[in-house]
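> Here you go, sequence then predicted model.
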Amino acid sequence: MQRFIIYFLILFAVGSTLINLLPDALLAKFNVALAWICVEFIQLFDTVVLNDNAIIATYPVNTFSLQVVNGCNALGFSWLLSAAILAFPAKWHYKLIAVLAGFAAVQLLNIIRLVSLFYIGQWFPTYFDLVHENFWPLLFSADVVLLFFAWLWYVNKREPLVTHAI
């Protein structure tokens, strides 16, 4: 357990530092792509929305807009989950699959978050800050923990970590 905690803290610190050192142009492209996916999803139900350089806005009358910036792209939560998975003693193929699937799951939840925040900002603007700053970070934290424990359960079913002597 101590080894896991030490490895996790080291991996999380190094990865978080590397995320902060990523070029702004690369992060901006990721944010634009994330906003584009959100707009494509929103347009399935609501055609009066557009994406302008990582800004999701209503069109033609801009009643509300939402900008995807660093910190809103869930890369920190994706890395938190990845660091926990990589620090845990398991076979590398389980870790690789879990890191990729975990990244996808966290980003899917982030798309749902951004879409919900877009509509909350339009329909219930007085609740926007509460949901953005309190509800969603709490939900993301719980999501990362649940995904990690689900992965632990899966790995333990494949290769039990503890053998019981009779």
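Cool, the structure landed.
> And stretch 83-102, what's buried?
With burial defined by 16 or more other C-beta atoms under 10 Å, the residues of stretch 83-102 counted as buried are 83-88, 90, 94-95, 98-99, 102. (Each C-beta comes from the backbone N, C-alpha and C, glycine too.)
> And those, which two are furthest apart?
Taking C-beta to C-beta as the measure, the buried residues of stretch 83-102 reach their widest spread between A83 and Y94, a distance of 15.4 Å.
> and of the buried residues of stretch 83-102, the nearest to I120?
For I120, the closest of the buried residues of stretch 83-102 turns out to be G102, at 26.1 Å, with distances computed as C-beta to C-beta.
> any idea which element the closest one lies in?
Secondary structure here is read from DSSP states H and E; on that basis G102 sits in helix 92-123.
> Show the secondary-structure elements that that helix is packed against.
If you count contacts as 3 or more C-beta pairs under 8 Å, 6 or more residues apart in numbering; DSSP states H and E, helix 92-123 packs onto helix 24-42, strand 55-58, strand 65-67, helix 75-87, helix 128-130, helix 136-158.
> who's in contact with the fifth one?
By that I understand helix 128-130. With contact meaning C-beta atoms under 8 Å, 6 or more residues apart in numbering, helix 128-130 is reached by 117, 120-121.
> Quick one: mean pLDDT for it?
Throughout helix 128-130, pLDDT has a mean value of 96.
> same deal with the second one?
The predicted model assigns strand 55-58 a mean pLDDT of 88.
> Return the list of helices and strands in contact with it.
Taking 3+ C-beta pairs under 8 Å, 6+ apart as the contact definition, the neighbouring helices and strands of strand 55-58 are helix 24-42, strand 49-51, strand 65-67, helix 92-123.
> Out of the ones you listed, indicate the one that is most buried.
Neighbour counts averaged per stretch over the helices and strands packed on strand 55-58 are highest for strand 49-51, at a mean of 20; criterion: mean count of other C-beta atoms under 10 Å.
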